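J.: sequence unknown, structure follows:
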Ligand code: PGA
Ligand code: ZN
């Protein structure tokens, strides 16, 4: 059996992501199968996440693959995912994949798992998740700014999550909200410029307060028209506008305490169901105040604060900083470390929200991992080919699971 899954060849190349930036793709071959994966890249990265590329960018990763990786993984048993991921760490030789880059380790790790799943003739979600799998709800960015556009809101993302009877119904309703918001922005802004950001959310030179009004109004209207409940949430990505102990918005500045009150009010007074990174990434206590004040009413998600690292999630559990974690594979660089993060969170009763990056490829591994990890939600936008590669794959997976 092991011989059937021996790595007999591998290959890597440079491709472009949805921002038009270079990234890496890799193929791993066993005697009877192949796995291929390409990696996304973030713009709003956490301080503790592994860097996507070493100095020299994707070209340096490719050079590292050709000179150091290809030969070392030849002959390895791809069934041993944990061993393979450990081997990647050894080949890299640093603590955090800074020699090969987190994107190269990610695509090698995922391609290895895909090669095995393909060789076994089972879907990736089944190979990684076993029998206890489930389909998440979609969480899609509809208005945004921050580091994802030039002149949008200070808050990075306003998101919606429809609760349809099927995944297809949910993503259809999410995209109806996206359309409705476009109409509302056009009506309000007349000739001023409206555009879309990196994740295809609308972006316009408006205040965060106006964005809150527009997104909650659109969600309400579409809920009543479609009879499908649409919830509203937000990823503040608060580190990106934190400066000298203050949160600096387009038109005003908030102290730490005011920022906590503002975040809590979105859940308590404006009906938001989810807040991601409402405080800067070092503020475990500020996160905890929000989580405590909002209680069971809100999902408080940590992204930059944990960067998918089990050790930081454990710290968050101890401090009761949140009740959910954002999961991005290339923040830690291997499937094994990502699984560890998911398991640590699950053991504490936390939800996990799996996420795309702002610069994406058409690889759909995220859809499979969301099912394998029993994620409550998948963040993968509402429209755009690279986002829909994941969302449409979940339509197929749901069909598979219910047929
Ligand atoms: P990214 O971040 O731009 O690093 O992908 C998105 C997010 O903050 O969730
Ligand atoms: Zn985030």
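T.: Thanks, I have it. This structure is a prediction, so every number in the text was calculated from the model and none was measured. Ligands and ions are numbered 1, 2, ... in the order given.
J.: what residues are up against residue 124?
T.: 113, 114, 117, 365, 368, 369, 372 (CB atoms under 8 Å, 6 or more residues apart in numbering). Backbone N, C-alpha and C define where each C-beta goes, glycine included.
J.: Quick check: closest non-adjacent residue to residue 106.
T.: Spatial nearest neighbour of residue 106, excluding adjacent residues (CB to CB, 6 or more residues apart in numbering): residue 330 at 4.3 Å.
J.: Quickly find the element holding that neighbour.
T.: In the assignment (DSSP states H and E), residue 330 maps to helix 329-332.
J.: just checking, what packs against that helix?
T.: Under the contact definition 3 or more CB pairs under 8 Å, 6 or more residues apart in numbering; DSSP states H and E, helix 329-332 sits against helix 102-120, helix 335-347.
J.: any idea which of these is most buried?
T.: Most buried of the helices and strands packed on helix 329-332, by mean neighbour count (mean count of other CB atoms under 10 Å): helix 102-120, with a mean of 26.
J.: avg pLDDT for that helix?
T.: In this model, helix 102-120 has a mean pLDDT of 98.
J.: wait, does it make contact with ligand 1?
T.: No - contact of helix 102-120 with ligand 1 (CB under 6 Å from any ligand atom) is absent, the minimum separation being 11.9 Å.
J.: Any regions of the chain where pLDDT drops low?
T.: 1, 191 (pLDDT under 70).
J.: That one against ligand 2: which residues are in contact?
T.: Within the chain, the positions near ligand 2 by CB under 5 Å from the ion are 235, 303.
J.: which bits of the chain sit near ligand 1?
T.: Applying CB under 6 Å from any ligand atom, we find that the chain lies next to ligand 1 at 42, 43, 44, 45, 156, 235, 237, 303, 355, 357, 358.
J.: how about 8 Å then?
T.: 40-46, 146-148, 156-157, 198-199, 235, 237, 276-277, 303-304, 326, 328, 355-359, 379 (CB under 8 Å from any ligand atom).
J.: Restricted to strands, list these.
T.: With DSSP state E as the criterion, strands contain 157, 235, 276, 326, 355, 379 from among the residues of the chain next to ligand 1.
J.: Among these, which pair sits farthest apart?
T.: 157 and 326 (11.6 Å; CB to CB).
J.: Between the two, which is the more surrounded one?
T.: residue 157 (30 against 26; other CB atoms under 10 Å).
J.: count of residues packed around the nearest residue to that one once chain neighbours are set aside?
T.: Nearest non-adjacent residue to residue 157, counting by CB to CB, 6+ apart: residue 235, 4.0 Å away. The number of residues packed near residue 235 is 28, by other CB under 10 Å.
J.: Could you pull up the residues touching residue 235?
T.: Residue 235 neighbours (CB under 8 Å, 6+ apart): 141, 155, 156, 157, 159, 275, 276, 277, 301, 303, 379.
J.: quick one, domains of the protein?
T.: 2-121, 129-402 (automatic domain parsing).
J.: okay, how far is it across the longest one, tip to tip?
T.: Using CA to CA, to the nearest Å, the end-to-end distance of domain 129-402 comes out at 16 Å.
J.: neighbours around residue 151, how many?
T.: So residue 151, with other CB under 10 Å, has 13 neighbours.
J.: ugh, wrong one, residue 310
T.: Neighbours of residue 310 (other CB under 10 Å): 19.
J.: What residue in the stretch 201-350 of the chain comes nearest to ligand 2?
T.: The minimum distance from the stretch 201-350 of the chain to ligand 2, using CB to the ion, falls at residue 303 (3.5 Å).
J.: That residue touches residue 355, doesn't it?
T.: Yes - using CB atoms under 8 Å, residue 303 is in contact with residue 355, at 7.3 Å.
J.: what sits against residue 146?
T.: Contacts of residue 146 (CB under 8 Å, 6+ apart): 44, 152, 153, 154, 155, 156, 157, 237, 240, 241.
J.: any idea how far stretch 283-292 is from the chain center?
T.: Mean C-alpha position of stretch 283-292 versus that of the full chain (CA atoms, centre = their mean, to the nearest Å) differs by 22 Å.
J.: in the stretch 151-300 of the chain, which spans are strands?
T.: 157-162, 195-196, 202-203, 230-235, 242-243, 246-248, 253-254, 274-276, 299-302 (DSSP state E, counting those that start in this stretch).
J.: Number of residues surrounding the residue of the stretch 1-150 of the chain found nearest ligand 1?
T.: Going by CB to the nearest ligand atom, ligand 1 is nearest to residue 42 of the stretch 1-150 of the chain, at 2.1 Å. Residues lying near residue 42 (other CB under 10 Å) number 21.
J.: Need phi/psi at it.
T.: phi -90, psi 160 (degrees, to the nearest 10).
J.: got a list of what it touches?
T.: Residues near residue 42 by CB under 8 Å, 6+ apart: 49, 52, 328, 330, 357, 358, 359.
J.: What's the separation between the closest residue to residue 258 other than its chain neighbours and residue 305?
T.: Residue nearest to residue 258 in three dimensions, not counting chain neighbours: residue 247, with 7.7 Å by CB to CB, 6+ apart. The spacing between residue 247 and residue 305, counted by CB to CB, to the nearest Å, is 15 Å.
J.: Against residue 353, how distant is the residue nearest to the residue of the stretch 201-350 of the chain closest to ligand 2 when sequence neighbours are not counted?
T.: Leaving aside its sequence neighbours, residue 303 sits nearest to residue 326 (CB to CB, 6+ apart; 3.8 Å). Noted for residue 326: a distance of 5 Å to residue 353, by CB to CB.
J.: Now do the shared contacts for these two.
T.: With CB under 8 Å, 6+ apart, residue 326 and residue 353 have common neighbours 276, 301, 379.
J.: If the second one is in a bridge, with which residues?
T.: Beta-bridge pairing for residue 301 (DSSP bridges): residue 276, residue 324.
J.: which residue ranges form the strands in the stretch 1-150 of the chain?
T.: With DSSP E, counting those that start in this stretch as the criterion, the stretch 1-150 of the chain has strands at 9-16, 22-30, 33-38, 137-144.
J.: for those, which one ends up most surrounded?
T.: Among these, strand 137-144 has the highest mean neighbour count (mean count of other CB under 10 Å), at a mean of 29.
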